[in-house]
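Colleague: sequence and predicted model, in that order:
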Amino acid sequence: MDTDQLIRTLAADNAHRARPVGFALMLALLAAAPVSLLMFFTELGVRPDVMVAMRNPFFDLKFAVTLALAISAIGVSLHLSRPEASLRGFGWLLLAPVGILAAGIGGEMMMPQRLPMMTRLVGKNSWVCMTGISALSLPILAGALIGLRHGAPARPAVAGAIAGLLSAGLAATLYASHCTDDSPLFVATWYTIATALVTALGALLGSKLLKY
Amino acid sequence: MRERDDEWTGLMRSAIAGDSAAYHRLLKAVAPVLRAAARRGLARAGQPVDQSEDIVQDILLAVHLKRHTWDVSAPFAPWLFAIARNKLIDALRRRGRRIFVDIDDFAETLPGEAPAETASASEVAAQLQTLPARQREVLQSIAVDRASIKDTAAKFSMSEGAVRVALHRGLTSLTAKLREQ
């Protein structure tokens, strides 16, 4: 087939309209969410004292951090799904959760504490936290990658890594309602390790799956 | 150059709005620019330039299947050249070289350069043979016999909708096969 012939077939297919990447991503995440929710409610569940915990600003802060991560990563993912886009000018969005967390750590430092710093950092749930967030992320990561395949990222591994951040952010939002460790130091340590693992996995899978 | 870019952007906007003739003109207009760039890239990598047509077709398929990632309010050329660069790097890498593709490769057709003829391409043609019969027949009817969707539908006793679906699926799986090879 010569190029003129190929062009004729492409022009004939002009009527076909693909959905925007944002729409595909949303559908894929909505399809993946029930799997993670099912895993969460069968294995972990919301902590029993959640009504009391909600009055603790450090409990609420966990959601601010994880949602800021998820939302900024969704924004950056959609930006990077365009072939001519790069992280420049957009990457700073990902600093939002870091800033909120840093402010939280500063706030906690200024308050009188019953427990020493290392005890708060190590917490009681570090292992469940790491494995829980990572496991809950997997269905969401699969969904995110399927949705983002509709895009055309210049750097598939970077786009995959951001998909990892997005999934870790959403999974950590679920997990945060289970976990009784509310210290920002705990979040900064164990949530971050889990997020890094998922991000690395996302980069690895993205480099294969997000090539167009 | 500026004028050319504006013309492309206008054509692509019409294409997105449903004007297939504008789309056809646009693809015909960008093909020689892509071809010249592909030749330059191959030459710089010490590869035979007669493979340039495979790269051009690869780029055109990606442009077609990813055109929903183009922002209609943005100029078309940077988007096009980003895809072209990506595909050229891919193609050269597959041929086993570490390559530097210069952004200027795409910026302009050098003056005095002989307009490259449509060369034969083998990769798309070879993958075409691996498609399901229906998709292949529909693609060939439109590409080689210059039949319209309507005539193709009549020829194979299919509905026009079924022809459109077979055409789009055919193009999608061609692209997937090219990527996997």
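Modeller: That came through, no problem.
Colleague: strands of chain B, start to end?
Modeller: Along chain B, no segments are classed as strands by DSSP state E.
Colleague: where does pLDDT dip in it?
Modeller: Scanning chain B with the threshold set as pLDDT under 70 gives B:96-120.
Colleague: distance of the spatially most central residue of chain A from A:P97?
Modeller: Most central in chain A under CA atoms, centre = their mean is A:L166, positioned 2.1 Å from the mean C-alpha point. Using CB to CB, to the nearest Å, we find A:L166 at a distance of 12 Å from A:P97. Where you see a C-beta, it was placed from the backbone N, CA and C, and this is true even at glycine.
Colleague: which residues are in contact with each of the two?
Modeller: Common neighbours of A:L166 and A:P97, counting by CB atoms under 8 Å, 6 or more residues apart in numbering or on different chains, are A:L69.
Colleague: just to revisit the earlier point, what sits against the spatially closest residue to the residue nearest to the centre of chain A that is not a sequence neighbour?
Modeller: Closest residue to A:L166 apart from its sequence neighbours, by CB to CB, 6 or more residues apart in numbering or on different chains: A:A73 at 3.8 Å. Listed by CB under 8 Å, 6+ apart, the contact set of A:A73 reads A:94, A:162-163, A:165-166, A:169.
Colleague: put together a markdown table for these, with secondary structure on each row.
Modeller: As requested, those are exported to a markdown table (DSSP: H, G, I helix; E, B strand; the rest coil):
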| residue | secondary structure |
| --- | --- |
| A:L94 | helix |
| A:I162 | helix |
| A:A163 | helix |
| A:L165 | helix |
| A:L166 | helix |
| A:G169 | helix |
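Colleague: looking at neighbours, which among these is most surrounded?
Modeller: If you count neighbours using other CB atoms under 10 Å in any protein chain shown, the busiest of those is A:A163, which has 35 neighbours.
Colleague: count the neighbours of the closest residue to it other than its chain neighbours for me.
Modeller: In space, and not counting its chain neighbours, A:A163 is closest to A:A144: 4.2 Å by CB to CB, 6+ apart. Per other CB under 10 Å, the neighbour tally for A:A144 reads 30.
Colleague: now for A:A144: which residues touch it?
Modeller: A:A144 touches A:25, A:28-29, A:32, A:77, A:163, A:166-167, A:202, counting by CB under 8 Å, 6+ apart.
Colleague: distance of it from chain B?
Modeller: Counting by CB to the nearest CB, to the nearest Å, the gap from A:A144 to chain B is 17 Å.
Colleague: chain B contacts on chain A?
Modeller: Proximity of chain A to chain B (CB under 8 Å from any CB of the partner chain) is limited to residues A:1-21, A:81-84, A:150-152, A:154, A:211-212.
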